[in-house]
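one predicted model, sequence on top.
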Amino acid sequence: VSASDDKTVGVTNLETGEIKLLKGHIKGVSSVAVAGSKILSASFDGTVRIWSFPDGEEISSQKLGPSVVQIAAYENRYVVGLANGLAVIRDLSNQSFSIPLKAHPEGIKKIVFSENGQLIATCGGNTVKVWNASNGNLVLQYDHAITVNDLAFLDNDDLIFVADDYKAVVLNIQKNEVVKSIDAHNNFVLFVSSDDGSIATYGMDKTVKVWNADLELQYSLYGHQLSVNTVALSSDGKFIVSGSDDREILIWNTEKGIAEHRIKALSGVRKLLTVENNIISCLDSNQLKIYNLENGKLVKRIKVGTTS
């Protein structure tokens, strides 16, 4: 499922290459989420639309504000982030359920649910906040010294965030304290594997660094010529895949710490996913390209919407 500035949501069958465009938004789609048998799309037109998945029939539309910039979902519960810095907890099974959150007046960069769906974490400006997903109560607020760029749950008790001061910081939610803070590298974001808790950080210094769950550096991966934009990990943990503004995708062997394949994507790489033995890449050329994970060969090329 993909979001696009052309006002559509794309549902792509990766086996056949067939793409269905869901139309209804009157401005660009900023974010999408899948919750069970439903697709949720957030748009700069201020609405959230709910569609059936995978057939794409529109179920409902809700006007929530002037512009909706983020959406995240866990089962029936979902959270939308508005351009004015407010967030709202909603429920698919109860349309009247609505809990507003005074999140981040500087704007919301990220919204994530914990593994068990009981907590919601948000970041914006230099602040990290954790909320109770049932009642919207503020569980934790941590004010960092400088802008926070990204965050993720390591488990149901610990949260990691990265910031503009080159630091990666782990917070224990129950104790409301910093467990560990390390200098990683500059201007970066992170990826956390749900399989083994390993962490990858990457960013404008062209480097991917891999850490264990205790934030101990395992190895650094050098090979890109420009900023690294996205990282994915294979389900068996044998490969890390990275994509960059240098228009290349690198497939790294996690045991050896070397790039086994260098793919010429011919366009800036925005997002990578690994599904079984395939790499799915979302490119600046408004294409999805699918590559074989083991040999880097192109499997399929799919044209999607404009500026997806």
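In hand now; what should we look at? Residues are numbered from 1 along each chain as shown.

and N172, how close does it get to I39?
34 Å (CB to CB, to the nearest Å). C-beta here means a position set from N, CA and C on the backbone, and glycine is covered the same way.

who has more neighbours out of the two?
Applying other CB atoms under 10 Å to N172 and I39 shows that I39 carries more neighbours, namely 23 against 15.

give me the beta-bridge partners of the more buried one?
Here I39 shows beta-bridge partners V34, W51, assigned using DSSP bridges.

over to the one 4 residues further on?
Using DSSP bridges, the bridge partners assigned to S43 are V29.

for H261, same thing?
Once the bridges are assigned, which here means DSSP bridges, H261 pairs with I251.

which residues does it contact?
Residues counted as contacts of H261 (CB atoms under 8 Å, 6 or more residues apart in numbering) are L250, I251, N295, G296.

which among those residues end up buried?
In terms of neighbour count (16 or more other CB atoms under 10 Å), the buried residues within the contacts of H261 are L250, I251, G296.

any chance of CSV for these, columns distance to H224 and pLDDT?
Shown next, in CSV, are the buried ones among the contacts of H261 (distance: CB to CB, whole Å; pLDDT from 0 to 100):
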residue, distance to H224, pLDDT
L250, 7, 98
I251, 13, 97
G296, 15, 96
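
is A145 in a helix, a strand, or coil?
Three-state secondary structure (criterion: DSSP: H, G, I helix; E, B strand; the rest coil) places A145 in coil.

list the contacts of it.
Residues in contact with A145, defined by CB under 8 Å, 6+ apart, are N126, A163, D165.

mind checking which of those residues are buried?
Buried positions within these, assessed by neighbour count (16+ other CB under 10 Å), are N126, A163.

which among the contacts of A145 gets closest to L215?
A163 (14.1 Å; CB to CB).

and the gap between that closest one and A121?
Distance check for A163 against A121: by CB to CB, it reads 14 Å.

between the buried ones among the contacts of H261, which is closest to L92?
When the buried ones among the contacts of H261 are compared against L92 (criterion: CB to CB), the nearest one is I251, at 37.5 Å.

double-check the closest one against S281; I have them as touching.
No - between I251 and S281 there is no contact under CB atoms under 8 Å: 11.4 Å.

V32 and L40 touch, don't they?
Yes - counting by CB under 8 Å, a contact exists between V32 and L40, whose distance comes to 6.7 Å.

mutual contacts of the two, please.
Counting by CB under 8 Å, 6+ apart, the residues touching both V32 and L40 are I71.

next one: phi and psi at the nearest residue to Q70 once chain neighbours are set aside?
With CB to CB, 6 or more residues apart in numbering as the measure, G81 is the residue that lies nearest to Q70, at 3.4 Å, once sequence neighbours are left out. Reported as degrees, to the nearest 10, the phi and psi values for G81 are phi -110, psi 130.

shaky segments in the stretch 201-308 of the chain?
Low-confidence segments of the stretch 201-308 of the chain (pLDDT under 70): 305-308.

which element follows the top strand by length along the chain toward the C-terminus?
The strand of greatest length in the chain, counted in residues with DSSP state E as the criterion, is given as strand 94-102. Toward the C-terminus, strand 94-102 is succeeded by strand 110-113 as the next helix or strand (DSSP states H and E).

what packs against that following strand?
Using 3 or more CB pairs under 8 Å, 6 or more residues apart in numbering; DSSP states H and E as the contact criterion, the secondary-structure elements in contact with strand 110-113 are strand 68-74, strand 77-82, strand 119-124, strand 148-153.

could you dump those into a markdown table and include distance to A200, mean neighbour count and mean pLDDT?
Shown next, in a markdown table, are the helices and strands packed on strand 110-113 (distance: least, CB to CB, whole Å; neighbours: other CB atoms under 10 Å; pLDDT from 0 to 100):
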| stretch | distance to A200 | mean neighbour count | mean pLDDT |
| --- | --- | --- | --- |
| strand 68-74 | 20 | 22 | 96 |
| strand 77-82 | 24 | 25 | 97 |
| strand 119-124 | 18 | 24 | 98 |
| strand 148-153 | 11 | 21 | 92 |
